[in-house]
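# requesting a structural model of the entry that follows:
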Amino acid sequence: MDEHKRDAVLNKLFRKTEPSPVLPVLRVPTPSREYKRANKPPKPPRPPGTGFMFAVARFIFGLGGLPFYEKHLTTLFYGPRSQGKSLHQAKTVYEILKRLDALYRFYPTLPQAIVVSNQKFNAKIEEQYLNKRLFYWESIQQLKFCPRPDCWKTECEPPKGKKGERKKIEHRLHDGYVIIDDAATIIPADGWQDLPRWFRKLWAQAGHNGIHCIANIQDPVGCDINFRRYVDLCFKFQKVMGNRRPEAAKPPVNTIWGIYTSREIPAEELWIHGDKSEQEIQQERFEREEYESAAREAGKKVFRSAVNTWKRRFHLIRRKDTEIYDTLQNVPEYMPNSLEHIELKCVDPNCEHVNIRHRVI
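Alright, predicted model coming up:
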C-alpha cells in the first residue's frame, strides 16, 4: 500500500493522534469515536418509574397553591405579649427552609434564595442551614449588602498591577426572606427619619429585588407608619389556653401544650379602621349584610370598600415547636442617629477639591 494512502486510512480510523510520552517522534493513535461508544461502561440501572415519578412530583409541586409569604412581599404578625407570634414566625421560617429544599430539588439549576433573620434557631437547624441558606443579622447595617459568599451577582474590581488581587464589589441584598423579630425595637414609630435611605429603598423596591419580609410586633401602631404602608397582609394572634411561660425564677414547665389562633386581616383594613375585636367585626358584618339587602330591595347600587374576615385558624403549641428557636433571645435595641460618611467630588476630573461631610441618617 502506498505510504500516503496508509496515512489517510489511519487518520480516518483514529481521527487524531497524540505524541507518545516515551518516544515523542512516534505518534500513538487514539481510539475512534465508534470504539469509545462500543466500549463505554454501562450506566447503573435506575429503579423502574423513577424518571416518570420525578416528573409527576415536579408537576404537582408546580400546581400547588402558593403560601402567603410567596403571594405577599411583606407580612406582619401582631398581638399582645406571649400570644404565639414569635412561635408561629419560627415555624413559618422553618417551613420556608424546607420548601426551598424541595424547590431546588426540582429546579437545581436556579439561583437559590436565602433567609436573613434576627431570630436565632436551634443547633440542628443551624448545622443544616447556617451560612448556607440561613444568615443572621443584628444591626440593620447587615441588611445593606448580600451575605452570600459566592453570589451569582458578584462583580470584581479590575486588578491593580499584574499580580494584584481582584477585590469583590459588595451589592445590595436580593432574592431572599428578611425575618424581623420584634419590629418595634428595629423600626420604632418615632425613628423613621433616622433610618438610612437605602433601608427605606429596601422595602420600597422589594419586588424589584425579590425581597419578602415577615415581621412581628405587639402593637401595629408601635411600628413606623412608613413601614406599615408597605405591609400587604396581617395576622392577629391570640392565645386560647396553654401552659404558663417558663421563667428562671419559677419551677420548670414539664408539659408544654397550648392552643392559639390566627386571624387574617387585609393590611388596608387594619390601617384605615384600626385593630378591632372579634365581636366588633362580626357585628359590622351583620350590619353590612342588612344594609346591603335593604339597598338592593330599594334598587340602589351597593359598593363594598373592604372585607375583614372574622374567621380564625387554630394552631397547637407543642414542645418540638418551642425548641425550633431561642425563646429567651434578647433582640438588640434600636440605635438612632448614626452618621454616614459622604465625599463630594468636583465633576471636573482635573480638580482635586473634595468636600467631606457627615450627616445623621
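# show me this protein divided up by domain.
Using automatic domain parsing, the domain parsing of the chain gives 3-38, 66-149+170-243+253-275+309-342.
# out of those, which one sits most buried?
Most buried of the domains of the chain, by mean neighbour count (mean count of other C-beta atoms under 10 Å): domain 66-149+170-243+253-275+309-342, with a mean of 16. For every residue, glycine as well, the C-beta is placed using N, CA and C.
# can you give me the end-to-end distance of stretch 125-136?
Taking C-alpha to C-alpha, to the nearest Å, stretch 125-136 runs 12 Å from one end to the other.
# what's next to that stretch, contact-wise?
The contact list for stretch 125-136, computed with C-beta atoms under 8 Å, 6 or more residues apart in numbering, reads 94, 97, 100, 112-118, 120-121, 147, 149, 324.
# ok, P349 - contacts?
So P349 contacts nothing (C-beta under 8 Å, 6+ apart).
# now name the helix or strand holding F77.
F77 is part of strand 74-78 when elements are defined by DSSP states H and E.
# kindly export the longest helix along the chain (C-alpha atoms) in PDB.
Using DSSP state H to define each element, the chain has its longest helix at helix 85-106. What follows is helix 85-106, C-alpha atoms only, in PDB (Å, rounded to 0.1, in the frame of the first residue of the first chain):
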ATOM      1  CA  LYS A  85     -46.400  35.500  67.300                       C
ATOM      2  CA  SER A  86     -42.700  34.500  67.600                       C
ATOM      3  CA  LEU A  87     -43.500  30.900  67.800                       C
ATOM      4  CA  HIS A  88     -45.600  31.000  64.600                       C
ATOM      5  CA  GLN A  89     -42.900  33.100  62.900                       C
ATOM      6  CA  ALA A  90     -40.200  30.500  63.800                       C
ATOM      7  CA  LYS A  91     -42.500  27.700  62.400                       C
ATOM      8  CA  THR A  92     -43.000  29.700  59.200                       C
ATOM      9  CA  VAL A  93     -39.300  30.200  58.700                       C
ATOM     10  CA  TYR A  94     -38.700  26.500  59.200                       C
ATOM     11  CA  GLU A  95     -41.400  25.800  56.600                       C
ATOM     12  CA  ILE A  96     -39.700  28.300  54.200                       C
ATOM     13  CA  LEU A  97     -36.300  26.500  54.600                       C
ATOM     14  CA  LYS A  98     -37.900  23.100  53.900                       C
ATOM     15  CA  ARG A  99     -39.900  24.500  50.900                       C
ATOM     16  CA  LEU A 100     -36.700  25.900  49.400                       C
ATOM     17  CA  ASP A 101     -35.100  22.500  49.800                       C
ATOM     18  CA  ALA A 102     -38.000  20.900  47.800                       C
ATOM     19  CA  LEU A 103     -38.000  23.700  45.200                       C
ATOM     20  CA  TYR A 104     -34.300  23.400  44.400                       C
ATOM     21  CA  ARG A 105     -34.500  19.700  44.200                       C
ATOM     22  CA  PHE A 106     -36.900  20.100  41.300                       C
END
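# great, nothing more from me.
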